[in-house]
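Participant: Dropping a prediction and its sequence here:
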Amino acid sequence: MHVIPEPMRKSRAREAGAITILVTLMLLVLLTVWAVAMSKNALREVIITGTSRQGAQVRNLADTGLDWSIYWMTDDISAARTTPATGTGAKALRDQKAAMVASGQTGILSPVISTADMKTSATGVNPVQRFELFATYMGSIPLDYTQGTVTQPSKDFKSPATVQLWSVRSDGYVEYTGGPTFVHRREAWFTLPPTSSK
C-alpha cells in the first residue's frame, strides 16, 4: 500500500479548495452577466411599452380631431347643437368652411386651425396633448332623387340639393416638456349632408 506523505496531502487539499473557489467565482460571473442581460431586457420592455402607450395616445388624438371637425362642419338642423363661441377652434373651422365654399375654389389646403380649446390637457400639464386641423374643400356633388334612390342627374335636370366633399387632415401631438414629441397624422374624406342649392 502506498502512503501519501503528509505535506503532499495538505498541498492537494489546498489545490482542491482553490479549484472550488475558481468554479464558484466563474459561476458568480456567469450569474452576474445573466442578471445584467435580464435587467437590460426588462428595461427595453418598459421603454417599448411606454412608447406604445404614447403611440396609442397620439393616434387617438388624431382621430379625435377628425371626429371633432366632422361634428362642427356639419350644419345641424336641430337646435341641440350650440353655436360655437368666438375665438374657439370650432368657430374658426366653421368660418373657414363658409369662406371656402363661398369662394368656390376647390383643392386648396386651408391654413392650420389650432386654438386653446383643441387641447385635451390643461396648460402646464405634462404632457400637452393637442391636435391641428387642415381642411380642403373638394367641391359639391349635385344629387338627383328619383323614387328614393340617388342617381346621376340628366343634363337638363337642375338638382335641388348638393353634398359637399371635404378632405380633413388631423395632426395629433403629445408633447413632453424637455422631452420627445409624438406626432400622428390622419386624413379622412367625407361628404356633408345635402344642402339646398336654391
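Facilitator: Here it is on my side, so go on. From a predicted model like this one, the values you see are computed outputs, not experimental measurements. Numbers count the residues shown, from 1 in each chain.

Participant: Following the chain past the lowest-mean-pLDDT helix or strand in the chain, name the next helix or strand.
Facilitator: Counting by mean pLDDT, DSSP states H and E, the chain has its least confident helix or strand at strand 149-151, which shows a mean of 54. Heading C-terminal from strand 149-151, the first helix or strand you meet, by DSSP states H and E, is strand 161-175.

Participant: Pull out the buried residues from that following strand.
Facilitator: 161-166, 168-175 (16 or more other Cβ atoms under 10 Å). Quick note: C-beta positions are derived from backbone N, CA and C, even for glycine.

Participant: Give me the helices and strands touching the next helix-or-strand element following that strand, please.
Facilitator: As assigned by DSSP H and E, the chain's next helix or strand after strand 161-175 is strand 181-196. With contacts defined as 3 or more Cβ pairs under 8 Å, 6 or more residues apart in numbering; DSSP states H and E, strand 181-196 has these neighbours: helix 6-73, strand 128-146, strand 161-175.

Participant: any chance of the ones you listed in JSON lines, with distance to residue 89 and mean pLDDT too?
Facilitator: Compiled in JSON lines, the helices and strands packed on strand 181-196 are given as follows (distance: least, Cβ to Cβ, whole Å; pLDDT from 0 to 100):
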{"stretch": "helix 6-73", "distance to residue 89": "8", "mean pLDDT": "82"}
{"stretch": "strand 128-146", "distance to residue 89": "8", "mean pLDDT": "82"}
{"stretch": "strand 161-175", "distance to residue 89": "12", "mean pLDDT": "89"}
